[in-house]
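S.K.: Here is my input; please provide its structure:
(chains A and B)
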Amino acid sequence: MNTENRNFPARPPPPPFSSSPFASAPPPGVVPPQSGGPEAVGFRPPARPFTPSGPPMAPPAGVMRPAGQPPLVSQLPGSRPPPPSFPSTAYGPPGGGGGSFQRFPTPPPSGVPPPPQTLAGHLSPPMSFRPQQPMASVTMGPPPPSMTSGIPGGFASPSGPGFQQSMPGGPQPSYPGYPSNQVLQGPPKPFQTPSQGPPSAVSSYPPQTGGFAQHPGQQNMHPSYAPPPTSNVQGLVEDFNSLSLSNIPGSLEPGLDHTSFPRPLDGDVEPSSFAEAYPMNCHSRYLRLTTNAIPNSQSLASRWHLPLGAVVCPLAEAPEGEEVPLIDFGSSGIIRCRRCRTYVNPYVTFTDSGRKWRCNICSMLNDVPGEYFSHLDATGRRMDLDQRLELTKGSVEIIAPTEYMVRPPMPPIYFFLIDVSFSATKSGMLEVATQTIKSCLDNLPGYPRTQIGFITYDSTLHFYNMKSSLSQPQMMVVSDLDDIFVPLPDDLLVNLSESRNVVEAFLDSLPLMFQNNVNVESAFGPALKAAYMVMNQLGGKLLIFQNSLPSLGVGRLKLRGDDPRVYGTDKEYTLRVAEDTFYKQMAADCTKFQIGINVYAFSDKYTDIASLGTLAKYTGGQVYYYPGFQSSIHGDKLRHELARDLTRETAWESVMRIRCGKGIRFSSYHGNFMLRSTDLLALPAVDCDKAYAMQLTLEETLLTTQTVYFQVALLYTASCGERRIRVHTAVAPVVTDLGEMYRQADTGSIVSVYSRLAIEKTLSSKLDDARNVIQQKIVKALREYRNLNAVQHRLGSRLIYPESLKFLPLYGLAIGKSTPLQGGPADASLDERCAAGFTMMALPVKKLLKLLYPSLFRVDEWLLKPLADLDDLKDVVRRLPLAAESLDSRGLYIYDDGFRLVLWFGRMLSPDIAKNLLGADFAAELSRVTLQEQENGMSKKLMRLIKKVRENDPSYHPMCFLVRQGEQPREGFLLLRHLIEDQMGGSTSYVDWVLQLHRQIQQNA
Amino acid sequence: MAWDLFLWILSFFVSLALVASVFYQVICLTDLEADYLNPFETSTRINRLILPEFILQGSLCVLFLITWHWVFFLVALPVTCYHAMLYKERRHLIDVTEVFRGISFEKKLRFTKLGFYIFLFIMVVFRLTLSAVYSFTEDDDLLHLF
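M.R.: So this is what the prediction gives:
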């Protein structure tokens, strides 16, 4: 049996504050039952606003579309819009629908309706109609008495149409698009009739609810709702997606169709309806909650087995035109709540004719400073609202006055700690690094205040005096590693614009100076200490280029990764944590003095990334790992990534705090940073490529508020020397209903938290345990969901899951197969594991999802098309399921996980293509061939495509690997192992994984 | 007899020091939670005290053993063993980078130890009093009453 999950990628989400799109079943006959998926037809009602007195509008089959989309009725064969007065109940029982059944469930705030389903064989109901659960706009003020008792969530609870009818009659003034006035008005209007959408139509339908509203448990929770009078069709509508699995667990029936399993082939689709329901929230690129519905009680939270929290990327890159506005409060000072220190934001309300404002987080009434005062208009909004970006935008940047500085803002400081031992020069790392640094000198942020300094080391430390008065840098060698002293401490860190010539001369001569160096020792620890002593006056960014295992002085490390006997034992995790406390202590000291560390590691042998990476982890940095670095192969990657590291906008000496409403508290944080106090993240240097996850707990047994506010504040020094506060504010409704939480869940955010939890778990237990933890969490969550729905639906042997979490099982599998967690000791080297772990702890949601489920697409057909252009990357890059059966031996495929590109040449790929792309090397072994542009259109086209793929995401530079089908073991290592839907070695395939989950869910279910 | 008195006076001061040390550590941790101290300072303050505390406690335990006060020795032994285990596994010091993750456990541990040391302290004070009274009254029977 098929379950057809169809997305509507092109369908724009419903308009803000509108009622949710209409759900209805189409008339039978419209949809061919055998079509494998019902034709969903979008329909947009006329753009005139509905009024409750207007003629009831019975929408035809399909989903309401917001304005802007042309009606697509014509696509619907045989469909005609019913006459306007035609109530929906006029849809007759199905004549020929047979066992096919479909619906367009639309939970209120989610807006995006789950895809229609064909559930042939399970249900053969009469066509049922499930009316909209109307969504009232959430108000920021106290609710009307009629609302408080029943629906603490404001709009979150399922409510019958009678609820809708209780709205003030008559058309209300509506503020299309931007209802900020609602926020600021004195007595807030509880509901606002949306300017478009079907709520008025709903009121003309017989009251009828389905799905969750009928849940007995939930009826208790909503005592104010009368049971729906007509419930004969209840239970026939399903609010979830399902996968039909074989009745006998474990055996694969021929009917089990794994092609219908959900796959995130469109990448990460954010729940956009939520953003539209709250247009003043900050964009989801800055803050993503794991569910956009906060449970109202601890008991409800404990039934929500998924993480409850958020992923924050405070400096995410905004596309052109959406930059965060910069605000200067000037003489009035920054407006903050006196008690909870919340920054003024769009959700605060002004009262007392504008003289006071109420904090949205702690409800404290604050005075408005004289300079900030503005009169309120009749609706209670400030007259100057249009000029006050901080009152209309969820993300703002505020210029901080001197009270926010403990010292003058620091200049951008880049300090380089470069290994110049034998392997560094031999691999060409030194040359590439110095060239790149030199080419970036012009683009370092913060000119003319930028400072720069260098220390190189092998078995001794080399300091460089780069005073501007010198013409050539002076080198000073310190060989006493036990008692490090810094010669000329003032001239080691120099102003770049003043000493530019000396710095350039130094960078030119450095590779030459050490080109014959045969020293293989590495006095890393003492060098780090020396760098720390130079930098600890000001702080800054420390870039470490390490080529071998630290072997001399303090912090020397042992070759501990070589012992395979440790694997699989309880001691295994110790290999993944820092060996020497020196590293943790240094990291803590560096954070204290605002030094952020980025580690670049190049060795092909064991370098103990676990210890080195600790430095980056606790200073908010990153680990870049180039195993077996060769400048001819990895040079480009290092060049791009180092350049990106040096030139991207960086926030210096920053601290971040996230505040939230009363009753909840952020209890744990996950990512690369150090906690300075219970809720203050110290981030010496932070940039757009870093994200932080956090989990929250409910402190009170019952939340009485209807909404919860979150405010992320990042206080930092911009490269220009200004102290700034970046503030992101978001709101989420409090709900009483577990189903609502599931509907509002955000898979991307959940997966991000899970992967961080799993990686943290590997630091204290075995890999197996870490994978099991994730599996158990997913099982628990889905089991709870099953229990939630089992009461009213015959679930049979189906695996059910909410639409919002349809990719969760697959991503869960992908986490288990990701580099830090996969397989056993042989599957990935210890260093690779640790490096990937440190990287994944910092990745923003979108990049992480791409890494977990990389894209795979076929390009040979596109390359052969003569006129095809690159204009639409989407057409070319049609992602395929990550399974070996997606690979056709006549094709050329690109695998892209954001860090690597693998070009897979099928065995029977036309030799012309290979010849065109690879030139004369096309028959050679591909491990020796690098992809270069050839003098022909096809090759140019491919290179343009690759360039475009790389430009799409500049934070890492994916290296290009070429592999031919059957070229073992490279093929397995580069590609096959990463086809996560397949069974490889001891890992499970997607089908088995789903069956396994299903079996576990059904135990005790 | 004078030796006995001396032993109890010594134990009195040692256990007093232990109580004071653990109490101070608890204060530091609560200060950290309340944001009066930063993790760097907290961990230096606490870590400075941990080894002396272990040594003091261990020597007290040994002292009880060699003076054959086996009740006291058995009371002190579990803590000594626990300390030895922590030290062997290198978990005895507060990890400055992850101090917030383990703070609830560390606090609980220290509260338990505080209770234990106070109990030990009371016992020692009792014996000290007895011993002092005995040595001043020169009455042999008094000790046998206990």
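S.K.: which ones are touching the residue lying closest to A:E700 once chain neighbours are set aside?
M.R.: Among residues not flanking A:E700 along the chain, A:G663 sits closest, at 4.1 Å (CB to CB, 6 or more residues apart in numbering or on different chains). The way it works is simple: take the backbone N, C-alpha and C, and place the C-beta from them, glycine included. Going by CB atoms under 8 Å, 6 or more residues apart in numbering or on different chains, A:G663 touches A:698-700, A:703-705, A:708.
S.K.: Which ChimeraX command selects the buried ones in these?
M.R.: In ChimeraX syntax, the buried subset of these is picked out as below (16 or more other CB atoms under 10 Å in any protein chain shown):
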select /A:698,703,705,708
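S.K.: For the contacts of A:G663, give me TSV that also has pLDDT and secondary structure.
M.R.: TSV is the format used below for those (pLDDT from 0 to 100; DSSP: H, G, I helix; E, B strand; the rest coil):
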residue	pLDDT	secondary structure
A:L698	92	strand
A:E699	90	coil
A:E700	87	coil
A:L703	88	coil
A:T704	87	coil
A:T705	88	coil
A:V708	92	strand
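S.K.: Show the low-confidence segments of chain B, by residue range.
M.R.: B:1, B:138-146 (pLDDT under 70).
S.K.: Which positions in it make contact with chain A?
M.R.: Contact residues (CB under 8 Å from any CB of the partner chain) of chain B with chain A: B:32-33, B:35, B:38-40, B:43, B:90, B:93, B:95-97, B:99-101.
S.K.: and if we set it to 7 Å?
M.R.: Residues of chain B found near chain A (CB under 7 Å from any CB of the partner chain) are B:33, B:35, B:38-40, B:95-97, B:100.
S.K.: Find the pair from the residues you listed with maximum spatial separation.
M.R.: Pairwise distances across these (CB to CB) peak at 19.0 Å, for the pair B:D35 and B:D95.
S.K.: Compare the two (neighbour count), which wins?
M.R.: For B:D35 and B:D95, the more surrounded residue by other CB atoms under 10 Å in any protein chain shown is B:D95, and the numbers stand at 17 against 12.
S.K.: what distance separates the start and the end of stretch A:589-604?
M.R.: In stretch A:589-604, first residue to last residue: 30 Å (CA to CA, to the nearest Å).
S.K.: pLDDT of that stretch, averaged?
M.R.: If you average the pLDDT over stretch A:589-604, you get 93.
S.K.: do it and chain B meet?
M.R.: Yes. For stretch A:589-604, a contact with chain B is found by CB under 7 Å from any CB, at A:K592.
S.K.: Could you list the domains of chain A?
M.R.: In the domain annotation for chain A, the residue ranges read A:240-269+A:746-853+A:984-1004, A:277-317+A:649-737, A:333-389, A:413-648, A:854-979 (the TED database).
S.K.: who in chain A is up against chain B?
M.R.: A:584-585, A:587-588, A:592, A:618, A:674-678.
S.K.: Now the buried members of those.
M.R.: The neighbour count (16+ other CB under 10 Å) marks A:584-585, A:587-588, A:592, A:618, A:674-677 as buried among the residues of chain A next to chain B.
S.K.: So of those, which two are at opposite extremes in space?
M.R.: A:Q585 and A:S677, at 19.3 Å, using CB to CB across those.
S.K.: Backbone dihedrals for the residue lying closest to A:E322 once chain neighbours are set aside, both of them.
M.R.: Counting by CB to CB, 6+ apart, the nearest residue to A:E322 once its immediate chain neighbours are dropped is A:H283, at 7.3 Å. For A:H283, the backbone dihedrals (degrees, to the nearest 10) come out as phi -70, psi 150.
S.K.: Check the burial of A:H283 by counting its neighbours.
M.R.: Using other CB under 10 Å, A:H283 has 19 other residues around it.
S.K.: May I see the buried residues of the lengthiest helix in chain B?
M.R.: Longest helix in chain B, counting residues (DSSP state H): helix B:103-137. Within helix B:103-137, the residues that count as buried by 16+ other CB under 10 Å are B:103, B:106-107, B:109-110, B:113-114, B:116-117, B:120-121, B:124, B:127-128, B:130-131, B:134.
S.K.: and the contacts of A:G663 as a markdown table, adding distance to A:E521?
M.R.: Formatted as a markdown table, the contacts of A:G663 follow (distance: CB to CB, whole Å):
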| residue | distance to A:E521 |
| --- | --- |
| A:L698 | 55 |
| A:E699 | 54 |
| A:E700 | 59 |
| A:L703 | 60 |
| A:T704 | 65 |
| A:T705 | 62 |
| A:V708 | 56 |
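S.K.: any idea which of the contacts of A:G663 is closest to A:L543?
M.R.: Using CB to CB, A:V708 comes nearest to A:L543 of these, at 40.1 Å.
S.K.: How much space separates A:D419 from A:R798?
M.R.: Separation of A:D419 from A:R798 (CB to CB, to the nearest Å): 57 Å.
S.K.: quick one: which of the two has more around it?
M.R.: Neighbours were counted for A:D419 and for A:R798 using other CB under 10 Å; A:D419 has more, 29 against 21.
S.K.: Just give me the residue closest to the centre of chain B.
M.R.: Here the mean C-alpha position of chain B is nearest to the C-alpha of B:L18 (CA atoms, centre = their mean), at a distance of 3.6 Å.
S.K.: which one is that residue nearest to, not counting chain neighbours?
M.R.: Of all residues not flanking B:L18 in the chain, B:Y117 sits nearest, at 4.6 Å (CB to CB, 6+ apart).
S.K.: quick one: contacts for the one you found?
M.R.: With contact set as CB atoms under 7 Å, 6 or more residues apart in numbering or on different chains, B:Y117 has these partners: B:15, B:18-19, B:22.
S.K.: what's the closest of those to A:R639?
M.R.: B:V22 (55.3 Å).
S.K.: ok, the closest one touching B:K113?
M.R.: Yes. In this structure, B:V22 is within contact of B:K113 by CB atoms under 7 Å, at 5.1 Å.
S.K.: residue boundaries of the helices in the stretch 351-500 of chain A?
M.R.: Per DSSP state H, counting those that start in this stretch, the stretch 351-500 of chain A carries helices over the ranges A:422-427, A:429-440, A:500-513.
S.K.: and the last one, what's its mean pLDDT?
M.R.: Summarised as a single mean, pLDDT over helix A:500-513 is 92.
S.K.: and if you look at the shortest one?
M.R.: What helix A:422-427 shows for mean pLDDT is 91.
S.K.: And stretch A:264-282, by the same measure?
M.R.: The average pLDDT within stretch A:264-282 is 80.
S.K.: how long is it from one end to the other?
M.R.: 25 Å.
S.K.: Any idea how far stretch A:402-411 is from the middle of the chain?
M.R.: Centroid displacement of stretch A:402-411 relative to its chain, using CA atoms, centre = their mean, to the nearest Å, is 32 Å.
S.K.: Straight-line length of it, end to end?
M.R.: End-to-end distance (CA to CA), stretch A:402-411: 16 Å.
S.K.: No further queries at this time; thank you.
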